[in-house]
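Student: need a structure here:
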Amino acid sequence: MSQTQAPRRGFLHRLAGMAGVSAVAGLSANAQSRPQSGDTPYLPRYARAQNYRSLKQSSYDRTGGNSDRWPIKAGDTLEVFNAQGPGIVSHIWFTIAAPGLNHLKEIVLRMYWDGNAKPSVETPVGDFFGLNLGQYFVYQSAFLNCSPIKALNCYFAMPFRKSARIAVTNEGKQDVSSFYSNIDYQLVPSLPDDSLYFHAQYRQSTPCEATTNDWKNNGDANRLKNLDGRQNYVYAEARGRGHLMGVTLGVMQNQEFWMGEGDEMIFVDDESKPTITGTGTEDYFCGAWDFGGRDGAIPFAHLYNGAQMISAPERTGGRYCLYRWHADNPVTFSRYLKMSMEHGHANHRADNWYSVCYWYQTEPYTNFPALPPVDARIPVMKSVPGPGGAQS
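Tutor: You can find the predicted model right below:
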C-alpha cells in the first residue's frame with residue numbers, strides 16, 4: 001500500500017475504535033447523546049438557557065397613570081438611563097413630541113461609560129438615528145431605524161463594566177412637551193476581557209471648503225489629484241484599539257449637479273496616508289451610478305447600506321441621507337483611526353455635510369471636538385461661488 005493510502009487506513013481504524021467506545025459509553029448514565037454546550041449549531045441561541053438578567057428603564061408614569069413621558073424645559077438636561085454594571089444596553093427607543101420644527105437637531109444625546117465625565121456618544125438625537133437633516137422618514141437598517149411614524153430605534157450593543165449613563169439636553173428655545181423612552185439592557189455576571197466600548201461622534205461642515213469653483217461636471221475636476229486626503233471631510237478620529245462600524249451622512253446641496261464622486265479614505269494606524277481608498281460616494285454606500293441620477297434617483301434602505309432619503313437630487317437644495325455599516329468586516333485599528341471622505345472628486349464640491357461615525361474602542365471615552373452651536377446645526381443652504389450655486 002502506498003504511503004498516501006496509509007493515513008486513510010489509519011483513519012478508518014480509529015473510526016472503528018471510536019464506534020466501539022461509543023457503544024460502551026451509550027450504556028452508561030452519562031451517554032454522549034446529550035448535546036454539549038457550543039456543539040449544537042442546529043439549536044438557535046435564543047432557545048437555550050440565558051445567563052443574564054433582562055431589565056428596562058423607561059419613561060413610564062410613576063403614579064400608575066398613562067402620562068408615560070418626560071417634559072424637558074429649554075436648556076434642561078434629562079437623565080434617561082442610569083445603571084450599574086457589568087451590563088449591556090441592547091436597545092434604545094425614543095419618540096418625541098415637541099413644538100420646535102428643529103428638535104431633532106436641538107436635542108443632544110450623550111452616553112457615558114464607567115463613570116467618565118467625558119461622553120463616548122455626543123450627537124444631536126436625530127443624527128444619531130440616521131435622520132441627519134432634521135427630518136423624519138421611515139426606514140430600516142441592521143442597527144438603526146425610524147418606524148411609523150416617529151419611533152427612533154437603535155440596536156447597537158453597548159457594553160459597560162461599572163456603570164452606564166444616558167442623558168438628553170434640550171438646547172432649543174422651546175420646551176419639549178413629551179420625551180418618551182424605553183431602554184432595554186442586560187445585567188451579566190461578567191464581560192469578556194476583549195469587550196469594547198461603543199462610541200458615536202457628530203461632525204459637520206457647512207459648507208465643505210472646495211478646491212475649485214470649476215465643478216460643473218466631474219470631468220472638469222479630473223485634473224485634480226488627491227492622494228493624502230488632507231482636505232477630506234473627517235467623520236471621526238480615534239486613538240487606541242478598536243474597529244469602525246460605520247457612518248450616517250446627510251448632505252444638503254449648495255450647488256447643481258452630482259454631489260458625490262468623493263472616495264472614502266480610511267487611515268489605519270498611519271496618519272500620513274490612507275490604508276483603504278474607495279471609488280466614489282455612492283460606491284461607498286453600496287449604490288451605483290449616482291443612485292439613479294438627476295431624474296431617476298431611487299431611495300433604498302437595506303441591511304447594511306442605504307440612501308434612505310433622496311429629495312431634489314443633483315439640484316441646488318437637494319437632500320440626501322445615507323448610511324453604511326461594516327458589520328460584515330469592521331475596520332480594525334490598533335493605535336489610530338481616521339474615517340474620511342472626499343466631498344466631490346478631490347474635494348471640489350462645497351455642499352453642507354452632517355454626519356455621525358460609529359465605532360468601538362478599548363477606552364471608555366475620547367476627546368471630541370466641541371459640538372457646533374445649535375443654530376449652526378440647522379440645515380440651511382449656503383451661498384457658494386460657481387455656476388448653479390445657492391446665492392445669498
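Student: please enumerate the helices of the stretch 251-392 of the chain.
Tutor: Counting by DSSP state H, counting those that start in this stretch, one finds helices in the stretch 251-392 of the chain at the ranges 281-284, 374-377.
Student: most tightly packed of those helices?
Tutor: Comparing the helices of the stretch 251-392 of the chain by mean neighbour count (mean count of other C-beta atoms under 10 Å), helix 281-284 comes out on top with a mean of 22. (Glycine included, C-beta is placed from N, CA and C.)
Student: list of residues touching it?
Tutor: 259-264, 278, 288-291, 307, 324, 341-342 (C-beta atoms under 8 Å, 6 or more residues apart in numbering).
Student: cutoff 6 Å now
Tutor: If you take C-beta atoms under 6 Å, 6 or more residues apart in numbering as the criterion, helix 281-284 is touched by 260, 262, 264, 278, 291.
Student: the helices in the stretch 51-200 of the chain, which residues?
Tutor: Remark: helices assigned in the stretch 51-200 of the chain by DSSP H, counting those that start in this stretch are 103-106, 125-128.
Student: from the contact counts, what lies against the last one?
Tutor: In other words, helix 125-128. For helix 125-128, the elements it packs on are strand 107-113, judged by 3 or more C-beta pairs under 6 Å, 6 or more residues apart in numbering; DSSP states H and E.
Student: which residues are in contact with the strand it packs on?
Tutor: 119-125, 128, 160, 164-171, 197, 364.
Student: ok, now stretch 46-63?
Tutor: Contacts with stretch 46-63, where a contact means C-beta under 6 Å, 6+ apart, come from 67-70, 81, 180-188.
Student: sort out which of the residues you listed are buried, if you could.
Tutor: For these, a burial check counting by 16 or more other C-beta atoms under 10 Å picks out 69-70, 81, 180-186, 188.
Student: Throw the helices of the stretch 251-392 of the chain into a markdown table and include distance to residue 63 and mean pLDDT, thanks.
Tutor: Output for the helices of the stretch 251-392 of the chain, formatted as a markdown table (distance: least, C-beta to C-beta, whole Å; pLDDT from 0 to 100):
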| stretch | distance to residue 63 | mean pLDDT |
| --- | --- | --- |
| helix 281-284 | 50 | 98 |
| helix 374-377 | 33 | 98 |
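Student: in a markdown table, list those helices along with distance to residue 152.
Tutor: Formatted as a markdown table, the helices of the stretch 251-392 of the chain follow (distance: least, C-beta to C-beta, whole Å):
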| stretch | distance to residue 152 |
| --- | --- |
| helix 281-284 | 24 |
| helix 374-377 | 17 |
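Student: and residue 134, which of the ones you listed is closest to it?
Tutor: Of all these, helix 374-377 sits nearest to residue 134, with 8.1 Å by C-beta to C-beta.
Student: helices or strands up against that closest one?
Tutor: Using 3+ C-beta pairs under 6 Å, 6+ apart, no helix or strand is in contact with helix 374-377.
Student: contacts for that helix, please.
Tutor: Under C-beta under 6 Å, 6+ apart, the answer for helix 374-377 is 105-106, 124, 171.
Student: among the buried ones among the contacts of stretch 46-63, which lie within strands?
Tutor: Residues from the buried ones among the contacts of stretch 46-63 lying in strands, with DSSP state E as the criterion: 70, 81, 180-186.
Student: tell me how far residue 316 lies from residue 382.
Tutor: Look at residue 316 and residue 382: by C-beta to C-beta, to the nearest Å, they are 11 Å apart.
Student: what about the nearest residue to residue 243 once chain neighbours are set aside, how many neighbours?
Tutor: Computed as C-beta to C-beta, 6 or more residues apart in numbering, the closest residue to residue 243 that is not its neighbour in sequence is residue 330, at 3.7 Å. Look at residue 330: counted by other C-beta atoms under 10 Å, it has 15 neighbours.
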